[in-house]
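1. attaching a predicted model along with its sequence, questions to come.
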Amino acid sequence: MPHRSFWGRLRLILLILLLLIVSLNSFLSRVRSTDWQDSLWLVVYPINADQRADTQLYIDALQEDHFDDIEQFLSREALRYGISVEEPIRVFLAPEILEQPPLPPRELSILQSVIWSLKLRFWAWQNDSWQEDIAPDIKIYLRLFSPHNRQVLEHSLGLQKGMIGVVNGFASVDYQAQNNFVTVHEIMHTLGASDKYEVGNNQPIWPEGYADPYQKPVLPQYRAEVMGGRVPQSKGFSLIPESLEQVVVGPKTAQEVNWIQPEG
């Protein structure tokens with residue numbers, strides 16, 4: 001009996017040490033990723049989500065310059081907040097991933113969220129087509145669907161723990177600018193930014209979810225706050241921005257990603 005108790009205590013100690021190491025590694029990764037001393041490497045992994053031939057043709061034609069406006073947007077907005085690094089995030093394109101990521105359950109309890117997050121991080125570790133020596137700081141899995149499906153895309157997701165995003169988009173040059181906007185939204189999640197819209201109706205929350213909350217009159221707005229996600233036009237009605245040229249990073253979001261320090 002004492003022998004079994006000893007091994008039980010040893011297993012518990014090892015488990016606690018493992019959890020401490022994982023927690024410390026995650027903490028240090030988050031701190032390093034938002035000190036903005038060097039460029040972060042972001043790698044996009046395309047996935048043919050509907051297995052259609054036209055989706056595959058688009059994936060085969062994808063180039064890194066399709067994502068240039070992501071770099072340009074983040075450089076422009078970081079500069080507005082005094083970040084000196086010339087390219088806060090550099091975007092690279094990995095070879096296509098053939099496996100589908102685990103999808104989150106329809107209704108996420110805290111326990112289900114943790115389990116799904118662990119599954120996604122394990123799946124990402126198993127399915128990494130990136131072939132360079134430098135490991136990515138942020139991984140974005142871009143699930144592309146044919147626009148001919150005319151389906152409603154599921155919500156995209158970004159995880160701060162693991163710095164992984166899953167973006168659902170349409171495989172068409174006509175939608176690439178919007179795909180890049182959604183990608184930036186999820187990138188900001190991986191860096192610690194929170195949503196600034198109402199979950200029930202996707203309407204931006206005033207003032208932090210508005211690009212110009214104190215303009216007169218306040219509506220219609222002409223730009224979107226990146227985590228607000230839409231351009232408010234009237235009470236209860238907003239438009240998805242056509243491109244990142246219509247998007248800004250608001251002060252609250254800038255604070256969350258450590259572009260500015262909190263007041264006080």
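-> Looks like it arrived, so ask away. Treat the numbers as computed from the prediction; the structure is a model and nothing was measured. Residues are numbered from 1 along each chain as shown.

2. for residue 43, give me phi and psi.
-> phi -120, psi 130 (degrees, to the nearest 10).

3. so it sits against residue 136, correct?
-> Yes - under the criterion of Cβ atoms under 8 Å, residue 43 is in contact with residue 136, at a separation of 4.0 Å. Quick note: C-beta positions are derived from backbone N, CA and C, even for glycine.

4. so what sits against both of these two?
-> Residues touching both residue 43 and residue 136 (Cβ atoms under 8 Å, 6 or more residues apart in numbering): 92, 130.

5. SS state for the residue most central in space within the chain?
-> With distances taken as Cα atoms, centre = their mean, the chain has residue 186 as the residue nearest its mean C-alpha position (2.0 Å). At residue 186 the chain is in helix, as set by DSSP: H, G, I helix; E, B strand; the rest coil.

6. how close does it get to residue 127?
-> 18 Å (Cβ to Cβ, to the nearest Å).

7. and residue 238, what are its bridge partners?
-> residue 232 (DSSP bridges).

8. what's around it, how many residues?
-> Neighbour count of residue 238, defined by other Cβ atoms under 10 Å: 23.

9. and it, what does it touch?
-> Applying Cβ under 8 Å, 6+ apart to residue 238 gives the contacts 202-204, 230-232.

10. can you pull out the helices in the stretch 51-200 of the chain?
-> Remark: helices assigned in the stretch 51-200 of the chain by DSSP state H, counting those that start in this stretch are 53-61, 68-80, 110-126, 176-190.

11. same question for the next helix or strand after the last one, mean pLDDT?
-> Going back to what we said before, that points to helix 176-190. Next along the chain after helix 176-190, taking DSSP states H and E as the criterion, comes strand 224-225. Strand 224-225 comes out with an average pLDDT of 98.

12. give me the helices and strands touching strand 224-225, please.
-> For strand 224-225, the packing partners by 3 or more Cβ pairs under 8 Å, 6 or more residues apart in numbering; DSSP states H and E come out as strand 247-248.

13. ok, the strand it packs on: who's next to it in the sheet?
-> Here, using DSSP bridges, strand 247-248 pairs with strand 224-225 (parallel).

14. what does the partner strand contact?
-> Applying Cβ under 8 Å, 6+ apart, the contact partners of strand 224-225 are 196, 204, 208-211, 230-231, 240-241, 246-250, 253.

15. filter the residues you listed down to the buried ones, PyMOL style.
-> Remark: buried members of the contacts of strand 224-225, expressed as a PyMOL selection using 16 or more other Cβ atoms under 10 Å:
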select buried, resi 196+204+208+209+210+211+230+231+241+246+247+248+249+250+253
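
16. let me know the closest of the contacts of strand 224-225 to residue 72.
-> Sorting these by distance to residue 72 puts residue 247 at the head of the list, at 11.5 Å, by Cβ to Cβ.
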